[in-house]
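Trainee: The following block contains a protein sequence and its predicted model.
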Amino acid sequence: MKALTLLMVNDYPDYIDAGEWARSLKARVSGLDFRLWPHHGDPGDIDLVLIDKGTPRRFFEGMTRLRAVAYLGAGIDGLQLGELPAGVGVVRLATRELASEVVQYIVLRVLCRQHHVVEYALQQTQKRWRPIAPRKTSETRIVILGAGRIGGWAARLFAELGYRTAAWFPQP
């Protein structure tokens, strides 16, 4: 049986340790050929691609053995779906750590808006100070569009913090 060839695209090397991924996967998959973009070798050998952000145009050209793409990010908007070879599946690896980071980012954006961070940053560049009252948490409405693992977690957290929270569940 031919070894599995995996290509990892890592746009966040300071955050995602490709060496750790390689060691961990090689310990679990006998004979794994782990490659790190842009050193992909013969694209016709690649069975699986791990992507953390997105792909450049024509990325999948020549990947005749490609069986699946595993996306390590929070969404697949950076992936050139129209360029995937026919029959190739896409999966998203949603770890608790990734979900936590996305929820933290959602909370950060709400708090920045509620507490006028952009306005204060502008005032700072103008060497001015004019206090702006934050909107009261109990009077702030938040709607989460899509309440799966990440959206549901964010909705529950905002509700626990006292925000008027609603979640929208798309119909399948």
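Mentor: On my side now, so go ahead.
Trainee: Helix or strand with the lowest mean pLDDT in the protein?
Mentor: Every helix and strand of the chain was ranked by mean pLDDT, DSSP states H and E. The lowest is strand 89-92, at a mean of 86.
Trainee: any idea how far whichever helix or strand Gln104 is part of is from the chain center?
Mentor: Taking DSSP states H and E as the criterion, Gln104 maps to helix 96-114. Offset of helix 96-114 from its chain centre (CA atoms, centre = their mean, to the nearest Å): 12 Å.
Trainee: need the next SSE after that helix, C-terminal direction.
Mentor: Tracing the chain C-terminally past helix 96-114 and defining elements by DSSP H and E, one meets helix 117-125 next.
Trainee: what does that following helix rub up against?
Mentor: Contacting residues not belonging to helix 117-125 are listed as 111-112, 129-130, 132 [CB atoms under 8 Å, 6 or more residues apart in numbering]. (C-beta placed from N, C-alpha, C; glycine too.)
Trainee: all helices of this structure, in order?
Mentor: 18-28, 96-114, 117-125, 149-160 (DSSP state H).
Trainee: Tyr12 is nearest to which of these?
Mentor: Between Tyr12 and the helices of the chain, the shortest gap by CB to CB is with helix 18-28, which sits at 9.7 Å.
Trainee: So which elements touch that closest one?
Mentor: In terms of contact count using 3 or more CB pairs under 8 Å, 6 or more residues apart in numbering; DSSP states H and E, helix 18-28 is assigned the packing partners strand 5-9, strand 33-36.
Trainee: The first one pairs with which strands, and in what direction?
Mentor: Strand partners for strand 5-9, identified by DSSP bridges, are recorded as strand 33-36 (parallel), strand 48-51 (parallel).
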